[in-house]
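J.: the sequence and its predicted three-dimensional model are supplied below.
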Amino acid sequence: MIHIVDYGLGNMQAFMNMFKRLNLSSVRARTADDLVGAQKIILPGVGAFDHAMELLDASGMRPALEQLVLGDKVPVLGICVGMQILASRSDEGQREGLGWVPGQVRHFSHAPASAALPLPHMGWNDVSPEPTAAPLFKGMEHDARFYFLHSFYFECANPLHVTARAQYGNDFACGVRADNVWGVQFHPEKSHRWGALLLKNFAEMSPC
């Protein structure tokens, strides 16, 4: 069963519709009790870093999530701001992130070739998976394209945690992984067949 964390950010219904089309079972998790028995976790998010952390803390689900992810090693996939809050901190705010993937979230103004481009980075873009990206990017070794909407990017402390890259002026990490913790900057729920394949791969992923 795939549990989608509903802490007030992200389009829950879009994920549930996608999983339904894939004939995969999913449920919303609004409380810690809802997370009991989770085998896979989706952590979505849109908006600002600090607001996401405030809402997640206020939901009361954070201790249960930390036990599942850090203690029980349940696979989790952070999406968009849900990926960014996996980091330790962000240029966008003052609050600490979850710190599940060591690194920080930077504004595109820190990347010289990206600073002159319109923000947010919005629309379809090519994604290049790293060799370490399997199994999440299985079947997407060539020509994968996903939908993006963001002004910040993830800067991993360990380059080996980068699973995929895209270009917006500069090369940037659009996929990260540390053990059972995965994140993608783009929106698979808006990315048609590529997004469906990525979510299917995540659902079928073996436990770490």
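T.: On my side now, so go ahead.
J.: which residues touch Leu160?
T.: Residues in contact with Leu160, defined by Cβ atoms under 8 Å, 6 or more residues apart in numbering, are Thr132. For every residue, glycine as well, the C-beta is placed using N, CA and C.
J.: could you check the pLDDT of it?
T.: pLDDT for Leu160: 95.
J.: so in this protein, which helix runs the longest?
T.: helix 192-204 (DSSP state H).
J.: and the contacts of that one?
T.: For helix 192-204, contacts defined as Cβ under 8 Å, 6+ apart pick out 2, 15, 18-19, 21-22, 24, 40, 42, 75, 77, 127, 135-140, 144-147, 182, 184, 187-189, 191.
J.: quick one: low-confidence parts of this structure?
T.: Along the chain, the model assigns pLDDT under 70 to residues 208.
J.: all helices of it, in order?
T.: For the chain, applying DSSP H gives helices covering 12-21, 49-59, 62-66, 81-84, 112-115, 192-204.
J.: what is the third one packed up against?
T.: Under the contact criterion of 3 or more Cβ pairs under 8 Å, 6 or more residues apart in numbering; DSSP states H and E, the helices and strands touching helix 62-66 comprise an empty set.
J.: hmm, back to that, select only the buried ones of the contacts of helix 192-204 in ChimeraX?
T.: Buried residues within the contacts of helix 192-204, by 16 or more other Cβ atoms under 10 Å, are selected in ChimeraX with:
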select :2,15,18,19,22,24,40,42,75,77,127,136,137,140,144,145,146,147,182,184,187,188,189,191
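J.: just the ones of the contacts of helix 192-204 in strands?
T.: Those of the contacts of helix 192-204 mapping onto strands are Ile2, Lys40, Ile42, Leu77, Arg145, Phe146, Tyr147, Trp182, Val184, per DSSP state E.
J.: need those residues in JSON lines (columns: distance to Glu96).
T.: Output for the ones in strands among the contacts of helix 192-204, formatted as JSON lines (distance: Cβ to Cβ, whole Å):
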{"residue": "Ile2", "distance to Glu96": "27"}
{"residue": "Lys40", "distance to Glu96": "25"}
{"residue": "Ile42", "distance to Glu96": "22"}
{"residue": "Leu77", "distance to Glu96": "21"}
{"residue": "Arg145", "distance to Glu96": "33"}
{"residue": "Phe146", "distance to Glu96": "28"}
{"residue": "Tyr147", "distance to Glu96": "29"}
{"residue": "Trp182", "distance to Glu96": "21"}
{"residue": "Val184", "distance to Glu96": "22"}
